[in-house]
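> Dropping the sequence and predicted coords here.
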Amino acid sequence: MQDDSRGQSRGPFREPAQPWADEQTRRHLQVLVEGLATLAGFEQSSLTLRRDGHFEVVAAAGVEDGFVGTRVPSASIEDELAGADEWGVWRFVPHHRASAEALAYSHIPDVTPLEGDDAWHPLDLLAAPLHDDQGRLRGLLSVDSPRDGRLPSAEKMAVLTQYADVARTLVLLALERDELSEKVRMAAEARQIVRRALGEPTLDLVLEACRSAVVTCFDAVGMWLTAFDVDGGPARTTSFVMGDDYVVPPFAEIDDDVVRLAHRYWADQYVAPFSRSRPDQPGLPPEDAERLLRFLDRIGIGSVLFVPLGVGPECLGFLVLTRVSDSRRWTDVEIDAALDIGRDLGRAVANARQLELERAVVDRLRRLDSYRVEVVNTLGHELRNPLFSMSANLELLGTHDLDEDAQRTVAAATRGAMRMRAVIDDMLTMAQVSDPNREFDPMAVDLRRIVHDIHDECQATARAGEVTCDVELPDRPMLVPGDPEELYRLFVNLASNAVKYTDPGGKVTVHLDTEGDTVVATVTDTGIGISESDRAGLFREFFRSTNPAALSRPGTGLGLAIVSRIASRHAATVDLDSERGRGTTVTVRFPAWTGALAEDVVNPA
């Protein structure tokens with residue numbers, strides 16, 4: 001074996017063969033080259049395929065161990081074929097025209113050539129280029145060392161031609177199967193990546209969840225991912241590199257260039273493989289490309305895949321996958337998969353960003369609600385003091401010494417003070433049940449007790465208005481988790497409203513029952529009812545009906561708003577069924593109590 005023989009390796013170009021998706025494909029290729037050598041009368045044969053931007057020996061017969069896996073630059077093979085003689089589908093390069101570069105990647109048999117014009121020389125090359133249907137060179141079938149030491153005869157060339165046709169079919173099928181397998185693998189890994197990312201509630205967690213998986217999926221050494229803010233500029237960047245020794249690069253140096261490219265490439269749905277060998281990219285001026293290349297050189301990166309992220313027409317960021325060198329190019333399968341992941345990660349970024357915006361709005365509303373509660377509490381307590389003083393003086397004022405007009409004036413002032421007190425009490429109650437910082441520690445409450453107490457309290461008002469007030473209660477406890485005072489206030493407001501808006505001779509009924517694991521309370525009246533237009537705003541604070549009959553009766557407009565807030569705190573729902581002139585039914589559904597019970601709840605007094 002000669003020292004400069006074709007079997008010699010040059011630096012990194014001989015590596016273990018890139019594995020095929022299945023062992024059956026590899027065996028088929030190996031049988032092909034072994035059959036060719038045997039039937040065509042050659043000692044050696046090999047099959048070289050284009051993979052990842054270079055050619056790689058994937059099967060060989062009659063050569064030294066380690067020759068399979070040799071990588072050959074595409075330009076070397078293409079230049080050699082360009083100067084070859086055409087022997088049908090085969091190409092022949094005589095030894096005296098063989099290039100030094102081609103010899104450096106070749107295997108040269110250690111034989112002495114025979115005499116004569118038809119003698120085979122160890123440096124001769126006979127190979128059949130294998131093209132796909134689009135005319136692209138996909139592989140090379142080669143033979144060497146004929147057993148008779150002569151150039152192939154017409155009969156041998158016929159055999160070689162038949163094998164070349166078979167090899168083309170088998171190679172295209174193998175490449176198609178390999179590409180399909182790679183697509184399936186990347187699609188499966190992409191689904192895992194997206195599943196992790198879409199399940200995260202914040203942008204930071206989205207970036208953290210996907211970074212390692214993305215790097216592994218694309219056989220990269222690292223990545224960085226930038227998500228834009230609402231104005232389209234970089235808001236958050238995360239980076240990741242396999243290994244422990246890692247210093248975060250100064251990404252801000254190139255933000256202007258890559259942000260602009262991300263928006264353009266998302267609009268074009270384009271993924272850019274960028275390196276020294278591929279610096280020309282759409283929308284990237286040469287001076288900007290050189291600046292980016294210098295940046296990559298400085299951080300030890302030889303090749304990147306630039307992937308825009310977005311949803312619909314909006315670009316939301318970009319993903320950059322990195323490799324140390326450009327020896328392995330980004331494949332079409334990887335580029336297509338990267339574009340799909342860019343769309344999916346864009347959706348994950350959009351979801352997380354929307355959640356963060358919603359959380360920010362909720363936090364702001366919570367702060368505003370707390371501020372409102374504080375203002376109402378302060379205002380209510382400040383109004384209570386002068387109101388108490390005014391009411392006390394009105395009570396002390398002896399009306400028997402006053403004339404009739406003065407007595408009417410005092411009576412009117414007393415009624416006004418009572419209405420103001422009711423408004424203040426409702427405002428403070430509303431603030432209390434609306435306070436987001438107020439603790440809620442529910443206990444088991446028997447709603448029968450609440451309804452009994454309310455029935456007793458409302459009887460006087462009902463009799464004064466000539467309204468019948470009844471309750472329909474089961475014999476068993478109606479237990480719900482809640483705050484007794486708040487539940488009392490809820491039923492007081494419902495019952496008092498029902499009595500207030502029911503004309504003399506009418507009836508109000510409070511009914512309790514269970515439906516599965518739900519306790520259902522209904523308050524029904526035969527009163528003036530509520531129009532469809534009024535029902536839409538009925539639970540809004542300070543809402544008053546447009547019905548003149550309702551406006552003639554005093555109220556603060558806070559009663560049902562308080563009911564709604566208390567029900568919400570108790571995980572209850574409130575439904576209202578009413579028609580103007582035909583009465584109203586309010587139904588409140590509470591979750592039933594499922595915890596342990598105290599003795600006084602099990603056996604109520």
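Everything's here; your move. Numbering: from 1, shown residues only.
> Show me what residue 273 is bridged to.
In this entry, residue 273 is beta-bridged to residue 305, by DSSP bridges.
> tell me, how many neighbours does it end up with?
21 (other C-beta atoms under 10 Å). No exception for glycine: its C-beta is placed from N, CA and C like everyone else's.
> For it, give its distance to residue 281.
Note on residue 273: its distance to residue 281, by C-beta to C-beta, to the nearest Å, is 9 Å.
> joint contacts of those two?
The contact sets of residue 273 and residue 281 overlap at residue 306 (C-beta atoms under 8 Å, 6 or more residues apart in numbering).
> pLDDT wise, what is residue 556 at?
In the prediction, the pLDDT value recorded for residue 556 is 60.
> Check residue 41 too.
pLDDT, residue 41: 89.
> Run through the stretch 1-150 of the chain and note the low-pLDDT ranges.
1-22, 52-53, 102-107, 109 (pLDDT under 70).
> Show me where it has its strands.
For the stretch 1-150 of the chain, the strands defined by DSSP state E, counting those that start in this stretch cover 42-51, 54-61, 71-73, 85-87, 90-93, 125-131, 137-146.
> List the neighbouring strands of the first one plus their orientation.
In its sheet, strand 42-51 lies beside strand 54-61 (antiparallel), strand 137-146 (antiparallel), with partners assigned from DSSP bridges.
> Same check on the fourth one?
In the sheet, strand 85-87 lines up against strand 90-93 (antiparallel) (DSSP bridges).
> The partner strand: how far from the chain's middle?
55 Å (C-alpha atoms, centre = their mean, to the nearest Å).
> Tell me the buried residues in it?
By 16 or more other C-beta atoms under 10 Å, the buried positions in strand 90-93 come out as 90, 91, 93.
> And the first one, how far from residue 300?
Counting by C-beta to C-beta, the separation of residue 90 from residue 300 is 44 Å.
> ditto for the last one
Distance from residue 93 to residue 300, counting by C-beta to C-beta: 40 Å.
> How about the second one?
Between residue 91 and residue 300 the distance, using C-beta to C-beta, works out to 41 Å.
> Would you point out the helix or strand in this protein whose mean pLDDT is lowest?
In the chain, the helix or strand scored least confidently by mean pLDDT, DSSP states H and E is helix 599-602, which has a mean of 47.
> domain assignment for the protein?
11-181, 187-358, 364-434, 443-602 (automatic domain parsing).
> which stretch in those has the least confidence?
domain 364-434 (a mean of 70).
> Tell me where the stretch 451-600 of the chain has strands.
Going by DSSP E, counting those that start in this stretch, the stretch 451-600 of the chain shows strands at 468-472, 479-482, 507-515, 518-525, 573-578, 584-591.
> List just the one of the ones you listed that sits closest to residue 265.
strand 573-578 (49.5 Å; C-beta to C-beta).
> Wait, residue 271 touches residue 307, no?
Yes - between residue 271 and residue 307 there is a contact at 5.2 Å, judged by C-beta atoms under 8 Å.
> Neighbour count: the two, which is higher?
Neighbours were counted for residue 271 and for residue 307 using other C-beta under 10 Å; residue 307 has more, 30 against 22.
> and that one, what helix or strand is that in?
strand 303-311 (DSSP states H and E).
> Given the following helix or strand past that strand, what are its sheet partners and their directions?
The helix or strand immediately downstream of strand 303-311 is strand 314-323, counting by DSSP H and E. Strand pairing for strand 314-323, using DSSP bridges, gives strand 222-228 (antiparallel), strand 303-311 (antiparallel).
> For strand 314-323, which residues meet the burial criterion?
Across strand 314-323, burial judged by 16+ other C-beta under 10 Å covers 315, 316, 317, 318, 319, 320, 321, 322, 323.
> and if you look at stretch 108-123?
108, 109, 120, 122, 123.
> which of the residues you listed lies closest to residue 412?
residue 108 (120.5 Å).
> Looks like the closest one contacts residue 125 (just checking).
No - the pair residue 108 / residue 125 is not scored as a contact, 10.4 Å apart, by C-beta under 8 Å.
> Hmm, residue 132 is touching residue 173, no?
No - Residue 132 lies out of contact with residue 173 (C-beta under 8 Å); the separation is 11.0 Å.
> A strand includes residue 349, no?
No - per DSSP: H, G, I helix; E, B strand; the rest coil, residue 349 lies outside any strand segment and is helix.
> count of neighbours near it?
So residue 349, with other C-beta under 10 Å, has 24 neighbours.
> List the contacts of residue 168.
130, 131.
> can you tell me the helix or strand for it?
Following DSSP H and E, one finds residue 168 within helix 154-198.
> ditto for residue 367
With DSSP H and E as the criterion, residue 367 is inside helix 332-396.
> same for that helix, what does it pack against?
helix 154-198, helix 203-217, strand 222-228, strand 303-311, strand 314-323, helix 404-434 (3 or more C-beta pairs under 8 Å, 6 or more residues apart in numbering; DSSP states H and E).
> what angle separates the shortest one from helix 332-396?
Put plainly, it is strand 222-228. 40 degrees (axes from the mean of the first three to the mean of the last three C-alpha atoms, to 10 degrees).
> Next SSE downstream of strand 222-228?
The C-terminal neighbour of strand 222-228 among helices and strands, as given by DSSP H and E, is strand 234-241.
> List the neighbouring strands of that following strand plus their orientation.
Here, using DSSP bridges, strand 234-241 pairs with strand 222-228 (antiparallel).
> what's next to the strand it pairs with, contact-wise?
203, 207, 210-211, 214-215, 234-242, 246, 249, 251, 258-259, 262, 301, 309, 315-322, 345, 349, 353.
> Run a quick neighbour tally on the nearest residue to residue 300 once chain neighbours are set aside.
Nearest residue to residue 300 in three dimensions, chain neighbours excluded: residue 324, at 6.7 Å (C-beta to C-beta, 6 or more residues apart in numbering). Counted by other C-beta under 10 Å, the residues lying close to residue 324 total 13.
> Does residue 324 touch residue 297 like I think?
No - counting by C-beta under 8 Å, residue 324 stays clear of residue 297, with 11.5 Å between them.
> Mind listing what's buried along stretch 145-165?
In stretch 145-165, counting by 16+ other C-beta under 10 Å, buried: 145, 146, 149, 151, 152, 156, 157, 160, 163, 164.
> Now do it: distance to the chain's middle.
Put simply, stretch 145-165 sits 60 Å off its chain's centre (C-alpha atoms, centre = their mean).
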